[in-house]
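Student: predicted model, plus sequence, below.
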Amino acid sequence: MTPPPDPLPTTLRSSWQHFLDVYEPHRSELFRYSRYLTRSPWDAEDLTQDALARAFVTLGQLGAAPPNPRAWLLRVATNLWIDRARRMRPEDAPAEAAPVQADPRPTREAAGTLLVRLAPQERAAVVLKDVFDLSLEDIAETLSTTTGAVKAALHRGRGKLADPEVSPTRAPAPGALDAFCAAFNAGDLDALTALLLDSAIVEVVGATTQYGPEAARRTVLYGMLFGVARLVDAERRGGIEPRFIQGARNVAPRVEAREHRGGQVLLHWYSHADGEAVRALTRVRIEEGRVAHLANYFFNPDLIAEVCTELGVPFRSNGHRFWIDGAC
């Protein structure tokens, strides 16, 4: 006799969607804040996802909802960032330049080039004040400290601002990445699956995570290869808001490897009535000549916009989430 399905995943999914209804309007700002802290669009997306997950879990343990969701999200991200930065060895600290922001205030321009030698709390204080223009009191609440400590951190941090350093050069993409592109563009699901390690982790960041080749094959890999049919029929089938797929055509996407900030990223080109545009990005980690980890960024519009703008390629947004109107 087949046991009844566990209701916990459905309950959690419903709670997650309710959580996003409240906190998703602050997501782009959370990404921007994370971008200044981490100085890398990829690390910023990771911090954004982790902050949302931590906030969701913590919210379930609180007696009452925070009165200011925006400030609370920034606080969660700040605490995560400070904890990680303090554990990080100096040579491991991010060295990529922060995004260029058009702003007349010199301190805001300088904040775009924060060096890794700023202490975590100094960096957070400078960004919150000179980029997001929070009051000293709000910054103190976010950093769980006093206004006097915030003033001191601002003074120290501003004194350390300097020109950005040159990003380190990383090794070029291994041959397995070329094999991945060839299999994807041939629509060969078997070959694509064979490139995964038995212990591979495959995820659509912020949507789903699968463990092992067979689970990845049935879900993420299949969707990456053949999901365009659902994309263009989203108005009827659900899954993504129709406003994001105007002009999309039912043509299999193709991938192209590009160098970005010393590493390799796969651009997913989708066909539209007015030409091709990138709708997703993928990063892979190769071990022993095969894929150990694959991260597909589809519902990550802030990251996609920044990376594609830096590469000078056209792009389209898919919004932030998949579960629209109960679609699954």
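Tutor: Perfect, thanks for sending it.
Student: burial measure for the nearest residue to Ala153 once chain neighbours are set aside, as a count.
Tutor: Closest residue to Ala153 apart from its sequence neighbours, by CB to CB, 6 or more residues apart in numbering: Ala125 at 4.0 Å. All C-beta atoms are positioned from the backbone trio N, CA, C, and that covers glycine. Ala125 has 30 neighbours, counted by other CB atoms under 10 Å.
Student: what's the answer for Ala200, then?
Tutor: The burial count for Ala200: 22, using other CB under 10 Å.
Student: shouldn't it be in contact with Ala295?
Tutor: No. Between Ala200 and Ala295 there is no contact under CB atoms under 8 Å: 11.4 Å.
Student: helix, strand or coil for the closest residue to Pro301 other than its chain neighbours?
Tutor: Closest residue in space to Pro301, ignoring its immediate chain neighbours: Ser317 at 4.2 Å, by CB to CB, 6+ apart. Following DSSP: H, G, I helix; E, B strand; the rest coil, Ser317 is assigned to coil.
Student: in contact with Ser317: list those residues for me.
Tutor: 244, 301, 304-305 (CB atoms under 8 Å, 6 or more residues apart in numbering).
Student: who wins on neighbours among these?
Tutor: Ile304 (24 neighbours).
Student: check which helix or strand it maps to.
Tutor: Using DSSP states H and E, Ile304 falls within helix 301-311.
Student: swap in Arg32?
Tutor: Arg32 belongs to helix 27-38, assigned by DSSP H and E.
Student: in that helix, which residues are buried?
Tutor: Using 16 or more other CB atoms under 10 Å as the burial criterion, the residues of helix 27-38 that qualify are 27, 30-38.
Student: dump it to CSV, keeping only the CA atoms.
Tutor: Output in CSV follows, covering the C-alpha atoms of helix 27-38 (Å, rounded to 0.1, in the frame of the first residue of the first chain):
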residue,chain,number,x,y,z
ARG,A,27,14.3,41.9,-3.4
SER,A,28,15.9,44.1,-6.0
GLU,A,29,17.1,46.5,-3.3
LEU,A,30,18.4,43.5,-1.3
PHE,A,31,20.4,42.4,-4.4
ARG,A,32,21.8,45.9,-4.8
TYR,A,33,22.8,46.1,-1.2
SER,A,34,24.3,42.6,-1.3
ARG,A,35,26.2,43.7,-4.5
TYR,A,36,27.9,46.5,-2.6
LEU,A,37,28.8,44.2,0.2
THR,A,38,30.2,41.3,-1.8
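Student: helices or strands up against it?
Tutor: Counting contacts by 3 or more CB pairs under 8 Å, 6 or more residues apart in numbering; DSSP states H and E, helix 27-38 packs against helix 41-59, helix 69-87, helix 120-130, helix 301-311.
Student: quick one: end-to-end distance for stretch 126-146.
Tutor: Stretch 126-146 has an end-to-end distance of 15 Å (CA to CA, to the nearest Å).
Student: tell me the buried residues in it?
Tutor: 126-132, 134, 136, 138-143.
Student: do the same with stretch 56-73
Tutor: In stretch 56-73, counting by 16+ other CB under 10 Å, buried: 56, 59, 66, 69, 71-73.
Student: what separates it from the chain centre, distance-wise?
Tutor: Relative to its chain's centre, stretch 56-73 lies at 21 Å (CA atoms, centre = their mean, to the nearest Å).
Student: repeat that for stretch 199-215.
Tutor: For stretch 199-215 - counting by CA atoms, centre = their mean - the centre lies 16 Å from the chain centre.
Student: quick one: average pLDDT of that stretch?
Tutor: In this model, stretch 199-215 has a mean pLDDT of 94.
Student: quick one: end-to-end distance for that stretch.
Tutor: Note: stretch 199-215 ends 11 Å apart using CA to CA.
Student: quick check: buried residues in that stretch?
Tutor: 200-207, 210, 213.
Student: specify which member of the residues you listed is nearest to Ala186.
Tutor: Pro213 (17.9 Å; CB to CB).
Student: tell me the contacts of the closest one?
Tutor: 193-194, 196-198, 200.
Student: just the ones of these in helices?
Tutor: Using DSSP state H to define helices, the subset of the contacts of Pro213 located there is 193-194.
Student: which of the contacts of Pro213 are buried, as a ChimeraX select command?
Tutor: Only the buried members of the contacts of Pro213 enter the following ChimeraX selection, criterion being 16+ other CB under 10 Å:
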select :193,196,197,200
